[in-house]
Structures are given as C-alpha cells and as structure tokens.
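J.: Turn this into a structure:
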Amino acid sequence: MLKIHQLFFLNTLALFIGTLVIASVIGYYTLKGMIIEDNINHLKRTIELVATKANQSATTDHYAKSIHNQTDYRTTIFDTNGQVIAESSIDKRTVDSDHNRIEIMHSSIEPYGVSVRYSKTFDEDYIFVAKQVPFAGDIVILRLGISLKSVMGYFYQLWVKLAATFLFFVIIALLTAYNISKKAQYDIAQITHYLHEISAKNYMAVLKPEHFREFLQITLLLKNLVKKLRNRDKQKRKYTARLRLINKQQNDILSAISHEFKNPVAAIVGYTETLEEDGNLNLAIREKFLGKIHSNAMKISHMLDRLALSVKLENNDFSIKPTTFDLDALCRDVTSTLQGKYPLRIINYEGHPKEVYADRTMIDLVITNLIDNAIKYSENEVILKLTEHTIEIIDKGIGIAPNELELITSKFYRVQKNSWDNSMGLGLAIVSYILKLHHSQLTITSILGEGSAFTFSIDPLHSTPISSHRP
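T.: Numbering: from 1, shown residues only. All right, here's what the predicted structure looks like:
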C-alpha cells in the first residue's frame, strides 16, 4: 500500500501528464482550425480587393499574373462552365478543366466557394477560395489558393513554442510537488513516532515538525482527545457525533465554495498567463481571451452575490420592497430570458393576467431559480404554469427521492452530490427564504425517475399586505 506522500506525488504526476496530453491535443486542433480559418478570411478579403481592379487588365492572363505578383497566391480564372482560362503559376493548358471542383460549385450558389483539399496539379494540399467577379462584360470565377504546407509551417512553430512553455511549467510544478512530498514524508514519520509514544502512554513526548506546523496541531488535538476520553467515556458517542456533524457542515460549505470558484479562477489565470507570455498574440484571440476573463469574473461576482443574499436572508438582514405588478407579464419576461439563455431547451408558459402586490425583483429571482433548477435536472421540456392561486414549475427530470424532499431547500445541499453547476446549492434555499418573506412556502412533489413539480402561491392584489421585514 502506498504512503501518503507517494500517493500525493504520483497523483500530481498523473494529473500534470494527463493535462499536458489533453491540452496538447486540444491546442493542436484548435490552433490549426483558427489558422486555416484566418487564411480563408484573408483570401476572401484579397479577392474583394483585387476584384475592384479587374478592369485594369486587358486579358485574364495578365489579370491572373498581376494578382499573383501582388499577393504571391496561386491565381486561377475559370469561366462559368469550369473551363480554365488563366493560371498564374503554370501553363493553363496543363490544368484539367473540371466544373466539379468543390469551391467552383459553391461559388455559383454562395458568395464564396471554399475548400481545403488535395491539388493534383501541384501534388499537395491547398486552401482554395473562389468567387464570381465581372471581367470585360462577362462573369468569370476568380480563385485564389495557398499551400496548406506553407500555412501550417507557422502553425507548427507556434504550437511547439506553446507546448515547450507548458512543459517547462509542468516540470517546475512536478519538482515543487516532489519537494513538498519529501517534506511531508519527514513530518509524517515524526508524527508516527509520536503516536507510538502516546500509545505507550508516554504523554510527555515532544514533537516538533520542521515543515508543517499543522501536523503539530493535529498531534496536540489527538493528545487532548485521549485525555478527555479517559474522563468522559460516557459522553463519547454524543460528542463524536456532534463533532462529525460540525466537521461535515464545514467541509460541505468549504467544498461547495472551493469547487465552484476553482473553475472560473483557473480559467482567468490560464487566459491571463497566455496574454502575459505571448505579447504577439493575434488581436482577435487577445480580445476573445479578455472576453473569457470578463465572463469568468462576472460568474464569480454572481456567485458571491448569491452567497451574500443567502446570508442576509438567513440573518434577517434583508427587507423586501413590494409593488403592484402583473405576474403574468413577469412570467413571460422570465420565460423569454431563460429561453435565450438555453436556446436548445423548451420552456412552455401557461397563464393569464394577474395583478399581485409583492417584491417584483425577488419573485423574478424565485421563478428564475426554479426554472433554472428544473432545466439542470431534466432533459425534456419545462412548464411554467400560472393559475388563479399558484405558480407551478414542472419538469420531467430525474425526480427526487422521498428522503431528500425535506433536505433540498437546505443551504449547500444537492440532490446529485457529484454534479457541480455553479449554484453552490443555494438556489432552493434562497427561494424558501424569499417566499417566507411573502408569507408563502414552496411545496415540492416528485416521483423518482419521472419528474418534479415546485409550487408556491402569491395572493392577488386584494389580499393582506406583505410585511416589509421577515417575521
């Protein structure tokens, strides 16, 4: 059986090697696709530019040679039947006329014909872009081509540099992990010796870890626990159960917050390091990375806002601001917003106009949380139904086990313990708090494997006014 420090080092090694392989494969195909797409766009812009100068050439041969001299691209001109009438790089008579070339076919029905394929003429892969342009009163097909080999040469240089940089940091991280592992090994050996002394009832044994003071704290706690156990054996079960409950709650909170913040923080760090390390990064990629950084920062901000709101609600440090509004209009707005957020999902709304007196923003948050929750735990349509007395959100998802129905509105509780969706398990807890402020409560009915229904009531306008503070 492996020791702790060995497990730590081997797991770290496996993690970094796996990360390197996955990142290399993803980076390879992503960068390759981006570079090819960038060259296709460049060929399109070039065609648009040279097409405006078509009337400056007397013949198509002169026109093709002129474009080739200016751009260094292979230039070929076809008539609308696919016959080659001009070629910049070789004798046009050696080029087979073929109307079935992909880019030629597409240029007749689309603004541009694009293909990345093998060229029999030059015996290598090419990127081709073709477009119909006017020339001397006729319509001809102007095609520009660039060797894929020449394009990929720049790509391979960039990819090798990125891979080398990543590998360098992996090596540094592994060396650091190894060093930490050795230090942990030493301190663990000290703790092991100390525990043997304690088992021999040598309570005067001294332990001074050289690297991790946390190990000393653990040892002192163990020693204090042994002393207490001698005098309080009768209270052992009760104390242990209470201690485990506290530790579990703390671990649940820390695990939820830590896990949900880990992904956006890692993304921000990754994109920031890339921007710092590569000063010559393409402007479009730089803007994309900055957008990703902003998006992940906003995600963290939203999670903090939700956490802060749940704390305020739980501590009675929050007041609502009720107004008169049409609940039907609010439901339609929420449905439209979430349909835009989840374009591949179906959200159906059934309802009729209904004036209510409540905090519109908070009710918006309640309905949004419930629909968002239904979408995450089901793959079929979600139904929002407004009746005379209730609002109901119905899904056909995984359902909820009977023993979990009373727990799912607790903070940080999740039905799927291994599913992380950036909610931190606060959604239904916030919903319950807000509904209490409106003298209402959430009713949940569910059949495991068939779906769930979340129902609450908001009384019409003529009902008793809402208190501005939680009772």
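J.: Within the helices and strands, which one has Val114?
T.: strand 113-119 (DSSP states H and E).
J.: nope, Tyr126 is what I was after
T.: Tyr126 is part of strand 124-135 when elements are defined by DSSP H and E.
J.: what's the answer for Phe122, then?
T.: Per DSSP H and E, there is no helix or strand for Phe122.
J.: What residues does it make contact with?
T.: Neighbouring residues of Phe122 by Cβ atoms under 8 Å, 6 or more residues apart in numbering: 74, 89, 147. C-betas here are computed from N, CA, C, even on glycine.
J.: neighbours around Gly27, how many?
T.: 15 (other Cβ atoms under 10 Å).
J.: Let me know the angle separating the helix or strand hosting it from strand 113-119.
T.: Per DSSP H and E: Gly27 is located in helix 4-51. Orientation check (axes from the mean of the first three to the mean of the last three Cα atoms, to 10 degrees): helix 4-51 against strand 113-119 gives 110 degrees.
J.: Which strands and helices lie in contact with helix 4-51?
T.: Secondary-structure packing of helix 4-51 (3 or more Cβ pairs under 8 Å, 6 or more residues apart in numbering; DSSP states H and E): helix 60-71, strand 124-135, strand 138-147, helix 148-199.
J.: Kindly reformat those as TSV and extend each row with mean neighbour count, distance to Pro322 and mean pLDDT.
T.: Formatted as TSV, the helices and strands packed on helix 4-51 follow (neighbours: other Cβ atoms under 10 Å; distance: least, Cβ to Cβ, whole Å; pLDDT from 0 to 100):
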stretch	mean neighbour count	distance to Pro322	mean pLDDT
helix 60-71	18	68	87
strand 124-135	20	61	89
strand 138-147	20	65	88
helix 148-199	14	54	75
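J.: how about JSON lines for these, with distance to Ile430 added?
T.: Listed next are the helices and strands packed on helix 4-51 as JSON lines, based on distance: least, Cβ to Cβ, whole Å:
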{"stretch": "helix 60-71", "distance to Ile430": "60"}
{"stretch": "strand 124-135", "distance to Ile430": "52"}
{"stretch": "strand 138-147", "distance to Ile430": "56"}
{"stretch": "helix 148-199", "distance to Ile430": "38"}
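J.: for the residue in the chain sticking out farthest from the centre, helix, strand, or coil?
T.: Most distant from the centre of the chain: Ala58, at 55.8 Å, with distances by Cα atoms, centre = their mean. Secondary structure of Ala58, reduced to three states by DSSP: H, G, I helix; E, B strand; the rest coil: coil.
J.: returning to what we had before: what's the distance between the strand holding Tyr126 and the middle of its chain?
T.: From the chain centre to the centre of strand 124-135 is a distance of 38 Å (Cα atoms, centre = their mean, to the nearest Å).
J.: Now it - C-alpha only, PDB.
T.: In PDB, the C-alpha atoms belonging to strand 124-135 read as follows (Å, rounded to 0.1, in the frame of the first residue of the first chain):
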ATOM      1  CA  GLU A 124      -0.100  18.900 -52.200                       C
ATOM      2  CA  ASP A 125      -3.000  20.200 -50.100                       C
ATOM      3  CA  TYR A 126      -4.300  23.700 -50.800                       C
ATOM      4  CA  ILE A 127      -6.700  26.200 -49.300                       C
ATOM      5  CA  PHE A 128      -8.900  27.500 -52.200                       C
ATOM      6  CA  VAL A 129     -11.400  30.400 -52.100                       C
ATOM      7  CA  ALA A 130     -13.400  31.200 -55.300                       C
ATOM      8  CA  LYS A 131     -15.800  34.000 -56.200                       C
ATOM      9  CA  GLN A 132     -17.700  35.100 -59.300                       C
ATOM     10  CA  VAL A 133     -16.500  38.500 -60.500                       C
ATOM     11  CA  PRO A 134     -17.200  40.700 -63.500                       C
ATOM     12  CA  PHE A 135     -14.500  40.900 -66.200                       C
END
